[in-house]
Each structure stands twice: as C-alpha cells, then as structure tokens.
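In: My questions concern the predicted model and sequence given below.
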Amino acid sequence: MSLTERLSANAVATAAGLDSNWVYKAEANGVLPEEHFVSDIIVIKVYRLLSTFVWPDRPAQRSKKQDLDTWLLSALHAARDAVTDTSTTPETTLWVTQTGVRVAHSREERAAIESPSPDGQEPSFLDDQVALRLPIGRWIDELPAILTRIKKREPRKKTTRASSTTARRRASATVRSSHH
C-alpha cells in the first residue's frame, strides 16, 4: 500500500464505506485537502463518526455553520498520524474526549489509559467524562485489502464548467475547419 498514491474523492468514499458527499463536505469544511491520499480514508471515517456527535453537556447547534472544535481537530490529526506511525498495530485505539485524545497501540497501553496505576487508585484520563473509543488500528490494517478491491482511477483534473465548454467548442471548431 503506497501512502503517497493519489485517490479520487469517490475512491476515498468507497474505501471508507461512505457516500461521496461526505468527502465533499469534509473538503468544504477544511478537513480534507482537494488532493486525496490513503490516510484520508481513515480521516473521513473518523470525521463521519465525530462530526455528528453531540456531547451530553453541550447543546446541539446544527442550524449554523461553526468552526471545528479543538477536540475534533485533535482526533482527525491523531487519526491521520496513526496511518503512518510505525507503532500502529491492529490493536491501536483512538480515545476521544472533550478535553483531548489519546492513542494506545496495544492492549497494555489501553489498560494503562483506563487505569494508570496497578491498584486503580490513580485518576484516569477517562474518569468523569464521556469517551469514545475508535478502533483505528483495525481500520488501518484493513486498508490494503480494501484498496485492492476498489477501482482506483486517477483523480480528474478540476475544471470549471465554462472551461470544459470552451474546450469542446474549440475542438469542434478545429474539426469543422479541417474538413474545409
């Protein structure tokens, strides 16, 4: 699996098991760049899950466009970084809370996050707050098999409707003039 391979928006969406509208929404919100790579598959999965999540003590504000919260940006960066992190294993887990994120690469690291001291007396990062646990290591581990199954067309060059119409007219005019 080449992490530098460019993918189309549709390939990213298909590999993530989502509708391509999620990719375009993520682009519009600054979550994904216009050029897509393998790591964007994991980022869009995390974005899809977390962008609609409302923390229990926060009111839902869906009617107005808002900037991405720090916790969400942190989770998206952690997910992207995990794709290239040599410590990432199928056991890698991303914990997301309102106050931050933690990445654990093994069962032992996950246990240490849940209970930092052997006797369980030391406070945990997870204590007294809602936490979401995302199995990003498993998702990353599945990428090579998913990428071999999807059609990987090279992304199209972005052209405006006007420029493509102009190009068709020029081509048509060239064809007409060569027949005379």
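Out: Thanks, I have the structure now. Numbers count the residues shown, from 1 in each chain.

In: By mean pLDDT, point me to the weakest helix or strand of this protein.
Out: Across the helices and strands of the chain, the lowest-confidence element by mean pLDDT, DSSP states H and E is helix 161-179, at a mean of 48.

In: what's the spacing between the residue minimising distance to the centre of the chain and Leu7?
Out: For the chain, the residue nearest the mean C-alpha position is Val43 (1.4 Å; C-alpha atoms, centre = their mean). Going from Val43 to Leu7 by C-beta to C-beta, to the nearest Å gives 12 Å. Bear in mind the C-beta positions are built from the backbone N, C-alpha and C, glycine included.

In: same question, Asp19
Out: Shown here: Asp19 relative to Leu7, a distance of 16 Å by C-beta to C-beta.

In: And those two? Which one has more around it.
Out: For Asp19 against Leu7, the residue with the higher neighbour count under other C-beta atoms under 10 Å is Leu7, and the figures read 23 against 13.

In: Look up the closest residue to that one, ignoring the ones flanking it.
Out: By the measure of C-beta to C-beta, 6 or more residues apart in numbering, the closest residue to Leu7 outside its immediate chain neighbours is His36, 4.6 Å from it.

In: what's the answer for Leu32, then?
Out: According to C-beta to C-beta, 6+ apart, the nearest residue to Leu32 is Ala26 (4.3 Å).

In: Pop out the phi and psi values for Glu142.
Out: Here the main-chain torsion angles of Glu142 (degrees, to the nearest 10) amount to phi -80, psi -10.

In: Can you tell me whether I have it right that the residue nearest to the centre of the chain is in a helix?
Out: Yes - if the criterion is DSSP: H, G, I helix; E, B strand; the rest coil, then Val43 is within a helix.

In: pLDDT weak spots in this structure?
Out: Residues of the chain meeting the criterion pLDDT under 70: 1, 60-66, 151-180.
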